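Asker: From the sequence below, what's the structure:
(chains A, B, C and D)
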Number of protein chains: 2
Amino acid sequence: MTAETAPSGYDPSAYPAFAVTVDVVVLTIRDRELQVLLVGRGSAPFKGAFALPGGFVLEDETLEEAAVRELEEETDISAADLPTGALVQLGAYGDPERDPRMRVVTVAYLAVVPSIGPTRPGGDAAHAEVLPVRQVLGRRPKHELAFDHQTILTDAVEHARQELETTSIATAFVGPEFTLAELRAVYEAVWGDQLDPGNFRRKVLSLDGLVTPTGQRQASGPEGGKPAELYAAADGIRPLSERFRRAR
Amino acid sequence: MTAETAPSGYDPSAYPAFAVTVDVVVLTIRDRELQVLLVGRGSAPFKGAFALPGGFVLEDETLEEAAVRELEEETDISAADLPTGALVQLGAYGDPERDPRMRVVTVAYLAVVPSIGPTRPGGDAAHAEVLPVRQVLGRRPKHELAFDHQTILTDAVEHARQELETTSIATAFVGPEFTLAELRAVYEAVWGDQLDPGNFRRKVLSLDGLVTPTGQRQASGPEGGKPAELYAAADGIRPLSERFRRAR
DNA sequence: CCAAAAGTGTTGGGCCTACACCCATGG
DNA sequence: CCATGGGTGTAGGCCCAACACTTTTGG
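Answerer: Model prediction:
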């Protein structure tokens, strides 16, 4: 009774033991579309289904360190490539039934990256793929993600949509230098709507510390057009001075 | 190696065992001020310090069920009193050093209630008190909350401020019937600024499904004044149709 | 010169702030 | 009748969506 009412004064041998894992939702823009990194499961349960990359939290690492480690183990993304704030916690998922074998509480993270290079299938992950979020979330029940990862992905996308409005997270989707058209494509992909290029430009430039001009210009594409100015993101992902309003 | 890369295919005896707890930040408005329920710790570590109410997650309950149970064990609040959405998860806190005795991952919840009646000190909680958030967060390091609860409380308040803008959570701070002045006092207490009564009224009434008029009027207070109209909240805490903007 | 994309100007409308003002009550 | 708070009216300003227009490139 005592042991159940406070995380203190308990007998260390009397608490229920849980496994704690992290799962990482790695989002990127590919082909002007929001896409997510998934691993195909090579063993039961959910053998053959896709799942989010993830794994156990080790004894002496923080939850965030575990998420970074999983990311580094399965992709070519290193911690140094992740600006502060490009990896955020989504929350804990701990339904007793979420893993049929045992009680596992997982802590989900959202990672936003400009691109996903070669992946390293690790552990029981047979292979890794980058798939459009729209396609994955539109699946019929029998083809859903393993465990409760469908729910986690849904929450992650909602979180990303929200953060676009309040933080500079959009810059984590693009490289170190980018055009405003590229940045606009991020908002359009994540929000799923079209933005006016002129109004977008004014809005972005009016927000303190979202982007800074580099003075450089990018060569025009194959279709011609005026060369775009290049911009760089501010260091780290920070709250915006003012909300970037999503159109209704 | 295999066991570390995915929450599957592992040997159940090979994973690191963690203790998992829930901690609940119970916020309410008292004396026109945002206040939080804290328990005084009766045993080491942090004996004598205040902490958030919380405790172990049991083998067969969800994280949210554990949070509700803790709430019911230490206060007179029952699950039935909590509208859907008045209890939300804040996230997981799992720094290896957060509990000096062992590895504990805690999942923090935010509960918003109209009032906190008599409390039941349980377990090693010597006593419970409701204290102003401003006072608790303003404390010097030596008088801070136990564990990382200072951080959790800070995050909870920030979360609540945010949710006032985007959801109908404000109605969870007041009783089933309330005047717009009472509701306005919630926003003022949580945001820490003054709102224009007239503009507040128009804004609240313009938002779909935030409040519905009961047709009743409340008797005037001791100071006189026009009797206020009474309103009821919509069922459950829901996202607002439009953002309730916080003044800068 | 034409198409295409970047970037700038402009305008009308909606919302919001800051008040002034009226209403209904207790003392 | 006065103080107090509830509730309504309204004018000015800011922001923004929409869209026309200019600029600069490739072909």
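
Asker: Need the contact partners of stretch A:64-82.
Answerer: Defining contact as Cβ atoms under 8 Å, 6 or more residues apart in numbering or on different chains, one finds that stretch A:64-82 is touched by A:22, A:24, A:26, A:37, A:39, A:53-58, A:61, A:87, A:89, A:107, A:109, A:111, A:113, A:116-122, A:125, A:128, A:172, B:4-5. Yep, even glycine has a C-beta here, placed from its N, CA and C like the rest.

Asker: quick check: mean pLDDT across that stretch?
Answerer: Mean per-residue pLDDT for stretch A:64-82: 93.

Asker: Equivalent analysis for stretch A:146-164, please.
Answerer: Stretch A:146-164 comes out at a mean pLDDT of 97.

Asker: Give me the buried stretch members for it, please.
Answerer: For stretch A:146-164, a neighbour-count test (16 or more other Cβ atoms under 10 Å in any protein chain shown) marks A:146-150, A:152-153, A:155-157, A:159-160, A:163-164 as buried.

Asker: Next step: the residues you listed restricted to helices.
Answerer: A:H149, A:Q150, A:I152, A:L153, A:D155, A:A156, A:V157, A:H159, A:A160, A:E163, A:L164 (DSSP state H).

Asker: which non-adjacent residue is nearest the third one?
Answerer: When the adjacent residues along the chain are set aside, A:I152 lies closest to A:A108, with 4.8 Å between them (Cβ to Cβ, 6 or more residues apart in numbering or on different chains).

Asker: and that neighbour, how many neighbours?
Answerer: Using other Cβ atoms under 10 Å in any protein chain shown, A:A108 has 28 neighbouring residues.

Asker: and if you look at the one 10 residues further on?
Answerer: Number of residues near A:P118 (other Cβ under 10 Å) recorded here: 7.

Asker: ok, now which ones touch it?
Answerer: A:P118 touches A:T75, A:D76, counting by Cβ under 8 Å, 6+ apart.

Asker: cool, and the one 10 residues further on?
Answerer: For A:A128, the residues meeting the contact criterion (Cβ under 8 Å, 6+ apart) are A:L37, A:L38, A:V39, A:G40, A:P53, A:E74, A:T75, A:T119, A:R120, A:P121.

Asker: On the three-state scheme, the nearest residue to A:V57 once chain neighbours are set aside is what?
Answerer: Nearest residue to A:V57, sequence neighbours excluded (Cβ to Cβ, 6+ apart): A:A66, at 4.3 Å. For A:A66, the assignment made with DSSP: H, G, I helix; E, B strand; the rest coil gives helix.

Asker: ok, A:V133 - contacts?
Answerer: A:L27, A:E33, A:L34, A:Q35, A:V36, A:L153, A:V157.

Asker: just checking, the last one touches A:L34?
Answerer: Yes. Under the criterion of Cβ atoms under 8 Å, A:V157 lies in contact with A:L34, with a separation of 7.2 Å.

Asker: intersection of neighbour lists for those two?
Answerer: A:L27, A:V133, A:V190.

Asker: From these, pick the one nearest DNA strand D.
Answerer: When the shared contacts of A:V157 and A:L34 are ranked by distance to DNA strand D (Cβ to the nearest atom of the strand), A:V190 comes first, at 16.1 Å.

Asker: which bits of chain A sit near DNA strand D?
Answerer: With Cβ under 7 Å from any atom of the strand as the criterion, chain A meets DNA strand D at residues A:196, A:198-199, A:203, A:206, A:217, A:219-220, A:222, A:224-227, A:242, A:245, A:247.

Asker: Buried ones in stretch A:101-120, by neighbour count?
Answerer: Quick answer for stretch A:101-120 (16+ other Cβ under 10 Å): A:103-114, A:116, A:119.

Asker: now the end-to-end length of that stretch.
Answerer: Start and end residues of stretch A:101-120 are separated by 26 Å (Cα to Cα, to the nearest Å).

Asker: How about stretch A:29-48?
Answerer: Start-to-end, stretch A:29-48 (Cα to Cα) is 25 Å.

Asker: Mind checking if it is in reach of chain B?
Answerer: Yes. Stretch A:29-48 is in contact with chain B by Cβ under 8 Å from any Cβ of the partner chain, via A:V39, A:R41, A:G42, A:S43, A:A44, A:P45, A:F46.

Asker: Relative to B:A14, which of those residues is nearest.
Answerer: Of all the residues of stretch A:29-48 next to chain B, A:S43 has the smallest distance to B:A14: 14.9 Å, by Cβ to Cβ.

Asker: Could you tell me what pLDDT the model assigned to the closest one?
Answerer: 86.

Asker: Could you give the number of residues near it?
Answerer: Neighbours around A:S43, by other Cβ under 10 Å: 16.
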